[in-house]
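K.L.:
Build me a model:
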Amino acid sequence: MPKLSIAEVVSREAKAQARKDEWRTIYEDCYEFALPQRNLYNGYYEGKTPGKGKMQRVFDSTAMSSTKRFANRLQSGLFPPNRHWVRLEPGSAVPEQDKERAQQILDAYVDIMFDQLRNTSFDLAMGEFLLDLCVGTAVMMVMPGDEVTSIRFQAIPQYLVAIEEGANGTIDNVYRKLRVRAETITREFPDVQMTPELEDAIQRRPTEDLDLFDAVVFDQETGRYHYHVIWPHKKQELVYREMQSSPFIVARFSKTAGEIYGRGPLVDAIADIKTLNKTVELVLKNASLSISGVYLAADDGVLNPQNIKIQPGAIIPVARNGGPQGASLSPLPKAGDFNTSQIVMQDLRVNIKKILMDDTLPPDTMSARSATEIAQRQRELATNLGSAFGRLMTEIMNPLVARILFVLDRQGLINMPLKVNGVQVKISPVSPLAEAPKMEEVNQLIQFMQIANAMGPMGQAIINVQESLSFIAEKMSIDQRVLNTPEEQQMMMQQMQQAMMQQQQPMPTDETVAGALQ
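P.N.:
Predicted structure coming up:
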């Protein structure tokens, strides 16, 4: 595919934004009531009011707290900070005799990767990324850094991004709204093409924001990506690059056939969230009426209703306080009791927490938690995620790791001649959430070994201890560097047999020692 013209890129971006606007109502409600601080809808982005309050219509915090808890549980289960959450393994294309050496090299690359991640903002960006994923669609940008920070991670607000699908449901094209201060554009894009209009903006209005958009378009013929930075107001292309890897990581929590954008647990819970929010609003209004009350005043020429102040210690002058014509001031009876709202709110909160997988029992706020309880919580979360877990692996972990390794390889920190495609190099998650099913297999093997040992010599003879230990090491993702090679194992077995034979030799008797001395 030849390079697209400016008009073609602008046209494709406009069409992608139009398709995204069909989701505006769904996503707008989710952000307004569950993630109000990340809400860019309702004109917050176009109006350039980043410090404006966004919670005028929010009266209950259940959805906000459960959403943050859901994102934190996902991050601790899939991308736990300060520990390895993925392992690289040689694929089927690597010859069997080379797999051991390849595994050692890949383990060293994984160590380098996580050493670099600790010096970046990855954990912060991943937390924001998972918050957007709870709505349905999340976007992260992974770009090369500098000498201090080798990789730059940036969670892009979902509002700013429009996407297009390619073959097999993959995200090929990404369009992002971009706002850059004029004086920083040369640092943001060192290869920017200066135009007279851009030079004028930098010199005369250096602090003014330029509304741009960038686009990543996949070329199916060459397998490369075309990167454009467009200034639509001036119809100018400021940056153009060809890349082998897309900098955007786009993930959908779940997706319906025929749709492009994802639907997260907040989409399922938004009806209960809005109902709960409205109920709390009515309860607060009812409480306000109960505290201050509503009164009826007779406008009889003596009492002026405009001068009445209902407040503690106030004295209201009236002509009468009863009589045939009634009281000058009397409270308005309430329509009914609103105490049943407590039952409704409790049910709604339980439903919201269940949908957002925030219904674990017993509560994990206790000071002491056993390893068994922690493992059970991870298994429960993996079970609740269901099919979404596989999509998280396919759309987040695999492209994310591949992109990170690509950047590290380009910067010379590693030498990666093989492709991370599942054939040459495959990605194996070792995070707590991914390890939960593997630990079940380990526990089954250990239980079988205990039963076999209890059966005596016949039961013990059926178990291959060496293969069992290799199976456990594989399932627990033990680093190959701490395990002995088959040759070293054979040598140790021979040494142990020799030591046992020496111990079994009879000790010399006194007569033998005396004869040897003579």
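
K.L.:
Wait, a strand at V139?
P.N.:
Yes: counting by DSSP: H, G, I helix; E, B strand; the rest coil, V139 is part of a strand.

K.L.:
isn't it right next to A155, touching?
P.N.:
Yes: between V139 and A155 there is a contact under CB atoms under 8 Å: 7.4 Å. Every residue, glycine included, has its C-beta placed from N, CA and C.

K.L.:
Quickly list what's touching both of the two.
P.N.:
Common neighbours of V139 and A155, counting by CB atoms under 8 Å, 6 or more residues apart in numbering, are 129, 132.

K.L.:
got the contact list for H226?
P.N.:
Contacts of H226 by CB under 8 Å, 6+ apart are 3-4, 215-219, 240-243.

K.L.:
how does it look with 7 Å?
P.N.:
3-4, 217, 219, 242 (CB atoms under 7 Å, 6 or more residues apart in numbering).

K.L.:
same question, N42
P.N.:
N42 neighbours (CB under 7 Å, 6+ apart): E28.

K.L.:
For it, give me phi and psi.
P.N.:
Phi and psi for N42, reported as degrees, to the nearest 10, are phi 60, psi 30.

K.L.:
Next one: it from K235, what distance?
P.N.:
29 Å (CB to CB, to the nearest Å).

K.L.:
G412 now?
P.N.:
39 Å.

K.L.:
So for those two, which sits in the more crowded spot?
P.N.:
K235 (10 against 7; other CB atoms under 10 Å).

K.L.:
now the strands for the stretch 1-150 of the chain?
P.N.:
86-90, 137-144 (DSSP state E, counting those that start in this stretch).

K.L.:
Looking at those, which is nearest to D60?
P.N.:
strand 137-144 (24.5 Å; CB to CB).

K.L.:
The helix or strand following the closest one pairs with which strands?
P.N.:
Proceeding N to C from strand 137-144, the next assigned helix or strand is strand 151-156, under DSSP states H and E. Taking DSSP bridges as the criterion, strand 151-156 forms sheet pairs with strand 137-144 (antiparallel).

K.L.:
and for the strand it pairs with, what are the contacting residues?
P.N.:
125, 129-130, 132, 151-156, 158, 161, 247-252, 261-262, 403-404, 407, 410-411.

K.L.:
Same question for stretch 482-502.
P.N.:
Contacts for stretch 482-502 (CB under 7 Å, 6+ apart): 100, 473.

K.L.:
what packs against the longest helix anywhere in the chain?
P.N.:
The longest helix of the chain (DSSP state H) is helix 265-292. If contacts are counted by 3 or more CB pairs under 7 Å, 6 or more residues apart in numbering; DSSP states H and E, helix 265-292 sits against helix 24-33, helix 62-78, helix 122-135, helix 341-355.

K.L.:
how does it look with 6 Å?
P.N.:
Counting contacts by 3 or more CB pairs under 6 Å, 6 or more residues apart in numbering; DSSP states H and E, helix 265-292 is packed against helix 24-33, helix 341-355.

K.L.:
Can you turn the buried part of the contacts of strand 137-144 into a PyMOL selection?
P.N.:
Restricted to buried positions by 16 or more other CB atoms under 10 Å, the PyMOL selection for those reads:
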select buried, resi 125+129+130+132+151+152+153+155+156+158+161+247+248+249+250+251+252+261+262+403+404+407
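
K.L.:
can you pull up the bridge partners for the closest residue to H228 other than its chain neighbours?
P.N.:
Sequence neighbours aside, A215 is the residue nearest to H228 in space, at 4.7 Å (criterion: CB to CB, 6 or more residues apart in numbering). Taking DSSP bridges as the rule, A215 bridges to Y175, H228.

K.L.:
residues contacting A215?
P.N.:
A215 is in contact with 9, 13, 175, 228, counting by CB atoms under 6 Å, 6 or more residues apart in numbering.

K.L.:
repeat that with 8 Å
P.N.:
Applying CB under 8 Å, 6+ apart, the residues contacting A215 are 9, 12-13, 173-176, 226-228, 230.

K.L.:
Which one (most neighbours) among those?
P.N.:
Neighbour max across the contacts of A215 (other CB under 10 Å) = Y175, 27 neighbours.

K.L.:
right, and that one touches I163 too?
P.N.:
Yes: under the criterion of CB under 8 Å, Y175 is in contact with I163, at a separation of 7.5 Å.

K.L.:
quick one: common contacting residues for these two?
P.N.:
A16.

K.L.:
At the geometric centre of this protein, which residue do we find?
P.N.:
L130 (2.5 Å; CA atoms, centre = their mean).

K.L.:
How about that residue, nearest residue that isn't a chain neighbour?
P.N.:
Nearest one to L130, counting by CB to CB, 6+ apart, is A71 at 4.0 Å.

K.L.:
Now render the helices and strands packed on helix 265-292 as CSV, adding distance to A473.
P.N.:
Below are the helices and strands packed on helix 265-292 laid out as CSV (distance: least, CB to CB, whole Å):
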stretch, distance to A473
helix 24-33, 44
helix 341-355, 38
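
K.L.:
just these: most buried one?
P.N.:
helix 24-33 (a mean of 19; mean count of other CB atoms under 10 Å).

K.L.:
Sketch out the helices for the stretch 351-500 of the chain, chain order is fine.
P.N.:
371-385, 387-392, 398-410, 432-454, 457-461, 465-475, 486-504 (DSSP state H, counting those that start in this stretch).

K.L.:
for the third one, packing partners?
P.N.:
The criterion is 3 or more CB pairs under 8 Å, 6 or more residues apart in numbering; DSSP states H and E, and the helices and strands that helix 398-410 contacts are helix 99-117, strand 137-144, strand 151-156, strand 248-252, strand 425-429.

K.L.:
rerun that using 10 Å as the cut-off
P.N.:
Counting contacts by 3 or more CB pairs under 10 Å, 6 or more residues apart in numbering; DSSP states H and E, helix 398-410 packs against strand 86-90, helix 99-117, helix 122-135, strand 137-144, strand 151-156, strand 248-252, strand 425-429.

K.L.:
and if you look at the shortest one?
P.N.:
The helices and strands touching helix 457-461, judged by 3+ CB pairs under 10 Å, 6+ apart, are helix 432-454.

K.L.:
can you pull the buried residues of stretch 421-429?
P.N.:
424-427, 429.

K.L.:
from these, which single one is nearest Q346?
P.N.:
Taking the buried residues of stretch 421-429 together and measuring to Q346 by CB to CB, the closest member is P429, at 37.5 Å.

K.L.:
correct me, but the closest one touches R87?
P.N.:
Yes: contact criterion CB atoms under 10 Å: P429 and R87 qualify, at 7.7 Å.

K.L.:
Got the confidence number for K475?
P.N.:
Among the per-residue scores, K475 shows a pLDDT of 69.

K.L.:
An error on my part: the question was meant for T49.
P.N.:
Reported pLDDT for T49: 67.
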